[in-house]
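A.B. asks: I'd like to go over a predicted model; first the sequence, then the structure.
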Amino acid sequence: MNYWLMKSEPSTFGIADLAAMPGQSEHWDGIRNYQARNFMRDGMRLGDLAFFYHSNCPMPGIVGIVAIVREAYSDFTALDPESHYYDPKCTSDNNRWCMVDVKLQQIFSRTISLTELKPQDALADMLTLRKGNRLSITPVSPTEWAHILTMHR
DNA sequence: GCCAACGTTGGC
DNA sequence: GCCAACGTTGGC
């Protein structure tokens, strides 16, 4: 069982949007970074849990938890010329991008903000908190996961 | 809106 | 294989 952190811009797709989906489940499309893709494709397994992180917004931070309910498969938005995530180098036979399906588990009663996360000694090694890190999917250690869970109560 | 940090592209 | 130019991310 692995833990992750997945970023999304609430103006594009926030946790409230996920809550509004049928079954509170949706595919996580648009990953166009190889490192993030590799984490998703090679690391994410059914039943893994991930923090839902709101980025590029007034209060960036962790807003809830999702579960991985389908492992990596072809990200069809890469093949759709109408899509914002269209990648002309991809074909249905050779699509380098993939996505997973996530399902909402919990919405926190408040945002655990980035400013709150940063000074935590227990999170000093957390990938997302490193300066300049822009990866939209990163692993979270069990220790970090447990520590963050204590923070929202 | 600014800009630092980083990834990708493409000429050579 | 190098690296300059460019594009994107995301905090502030």
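C.D. replies: Right, received. Where do you want to start?

A.B. asks: mind listing what the residue lying closest to A:T91 once chain neighbours are set aside touches?
C.D. replies: Leaving aside its chain neighbours, A:T91 sits nearest to A:L79 (7.2 Å; criterion: CB to CB, 6 or more residues apart in numbering). No exception for glycine: its C-beta is placed from N, CA and C like everyone else's. Residues near A:L79 by CB atoms under 8 Å, 6 or more residues apart in numbering: A:86-87, A:90-92, A:95.

A.B. asks: burial of the residue in chain A that DNA strand B sits nearest to, as a residue count?
C.D. replies: Closest to DNA strand B within chain A is A:G132: 2.1 Å, counting by CB to the nearest atom of the strand. Counted with other CB atoms under 10 Å, residues neighbouring A:G132 total 4.

A.B. asks: Residues of chain A that sit close to DNA strand C?
C.D. replies: Residues of chain A lying close to DNA strand C (CB under 7 Å from any atom of the strand) are A:7, A:9, A:32, A:55-57, A:60, A:114-115, A:134-136.

A.B. asks: Show me what counts as buried in the strand ranked longest in chain A.
C.D. replies: Counting by DSSP state E, the longest strand found in chain A is strand A:98-113. For strand A:98-113, the neighbour count (16 or more other CB atoms under 10 Å) marks A:98-102, A:104, A:108, A:111-112 as buried.

A.B. asks: Next: stretch A:47-61.
C.D. replies: A:48-55, A:60-61.

A.B. asks: next one: that stretch to chain centre, how far?
C.D. replies: When C-alpha coordinates are averaged (CA atoms, centre = their mean, to the nearest Å), stretch A:47-61 and its chain have centres 7 Å apart.

A.B. asks: Quick one: mean pLDDT for that stretch?
C.D. replies: What stretch A:47-61 shows for mean pLDDT is 96.

A.B. asks: Stretch A:83-93 now?
C.D. replies: 87.

A.B. asks: separation between the nearest residue to A:H152 once chain neighbours are set aside and A:V140?
C.D. replies: Spatial nearest neighbour of A:H152, chain neighbours left out: A:F108 (4.7 Å); criterion: CB to CB, 6+ apart. Going from A:F108 to A:V140 by CB to CB, to the nearest Å gives 15 Å.

A.B. asks: picking up where we left off before, got a markdown table for the residues of chain A next to DNA strand C, with secondary structure too?
C.D. replies: Shown next, in a markdown table, are the residues of chain A next to DNA strand C (DSSP: H, G, I helix; E, B strand; the rest coil):
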| residue | secondary structure |
| --- | --- |
| A:K7 | strand |
| A:E9 | coil |
| A:R32 | coil |
| A:S55 | coil |
| A:N56 | coil |
| A:C57 | coil |
| A:P60 | coil |
| A:L114 | helix |
| A:T115 | helix |
| A:R134 | coil |
| A:L135 | coil |
| A:S136 | coil |
